[in-house]
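S.K.: curious how this folds, go ahead:
(chains A and B)
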Amino acid sequence: MTEQFVEEEGRTTEEALERALNKIGAEREHVRITVLDEGKKTLFGLISKPARVRVSLKEDPASTPEGILKVLLDEMGIKSDIHTRATDGNIYLTVNTPSAGLLIGRRGRTLNAIQHIINCIVNRSSLVKRRVIVDAEQYRERREEILTNLAHKLATKVKSTGQEVVVEPMNPQDRRIIHLALQDDKDVTTFSRGEGSFRSVVITLKESAAG
Amino acid sequence: MALKTLIEYIAKSLVDHPDQVDVNEIEGEKTTILELKVAEDDLGKIIGRHGRTAKAMRTVINAAATKESKRAVLEILEGDDRNNSN
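M.R.: Okay, here's the model as predicted:
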């Protein structure tokens, strides 16, 4: 992220700061202040060199993805300890909590809902879209493992019976895991069928294998 | 437990006019009803594409309510209902 800042001049650093704060429209406690030049005065108060300050906005801790998640979980009555990790535009929030089951919900429903809300809030006003991923108790990792195993098991069934198998309806992330698990399979192919919350992956024999 | 403040926080963070967000909590024995009012042009943000955001909010308040063995219902209302007859 590029940092937003303004530079202003004044007779004193205080005056320069005052102007800079007016310009950026923020309170003193929400900015980082750098004095670029303290200015010089001659004996009779004549200015030989103005004071210059640079003011940049501090990121408000309550508006970071971690801050938003913390407020949400506190309001939900879920005690938590959150760790943030940022990699190539994605922000991973890992939650440690004694109420992991409640936070994750059936098939990750609550976890996904929270993740959706945080993404909406974080990306509401910013032009640069950042994807926020919320995880608890390695749920996402475990889910990937379970779904990959399921994909391979169903693929074996398709190969032995020659009939297509429709996996139960899933959200896009889960469907993606199934597609990826079987993308290199020589004998079967996958596609999605159905609309909205009924959309599900279909595993079927490749035409070359079927023919 | 504070379902009202939870919804208030989420709604205010999502909309362009947080000052027009109003939440009314009606507590029953087993069910809590939350009436959420937002400015007309903020409705889309609250509901989301295919109602995804509204659904996510319902999931979140239900998870919070489950802790107290209760259910929670979220009703989304248009803030200004004076112009109902077109």
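
S.K.: so where do the strands sit in chain B?
M.R.: Remark: strands of chain B, listed N- to C-terminal, are B:22-27, B:31-38, B:71-78; assignment by DSSP state E.

S.K.: out of these, nearest to chain A?
M.R.: The closest of those to chain A is strand B:71-78. By C-beta to the nearest C-beta, the value is 11.2 Å. Quick note: C-beta positions are derived from backbone N, CA and C, even for glycine.

S.K.: in stretch A:8-27, what's buried?
M.R.: When burial is assessed from 16 or more other C-beta atoms under 10 Å in any protein chain shown, stretch A:8-27 yields the following buried residues: A:Glu8, A:Glu9, A:Gly10, A:Thr13, A:Glu15, A:Ala16, A:Leu17, A:Arg19, A:Ala20, A:Leu21, A:Ile24, A:Ala26.

S.K.: name all residues that make contact with the closest residue to B:Thr32 other than its chain neighbours.
M.R.: Using C-beta to C-beta, 6 or more residues apart in numbering or on different chains and skipping residues adjacent in sequence, the residue nearest B:Thr32 is B:Ala72, 4.8 Å away. Contact criterion C-beta atoms under 8 Å, 6 or more residues apart in numbering or on different chains gives B:Leu3, B:Thr31, B:Thr32, B:Ile33, B:Leu34, B:Arg58, B:Ile61, B:Asn62, B:Ala64, B:Ala65 as the residues in contact with B:Ala72.

S.K.: how about the helices in chain A?
M.R.: According to DSSP state H, chain A carries its helices in the segments A:13-24, A:65-75, A:100-104, A:109-122, A:139-161, A:172-182, A:207-210.

S.K.: tell me what angle the fourth one forms with helix A:172-182.
M.R.: With axes from the mean of the first three to the mean of the last three C-alpha atoms, to 10 degrees defining the directions, helix A:109-122 sits at 110 degrees from helix A:172-182.

S.K.: could you list the domains of chain A?
M.R.: Domains of chain A are assigned by automatic domain parsing as A:5-57, A:61-137, A:141-210.
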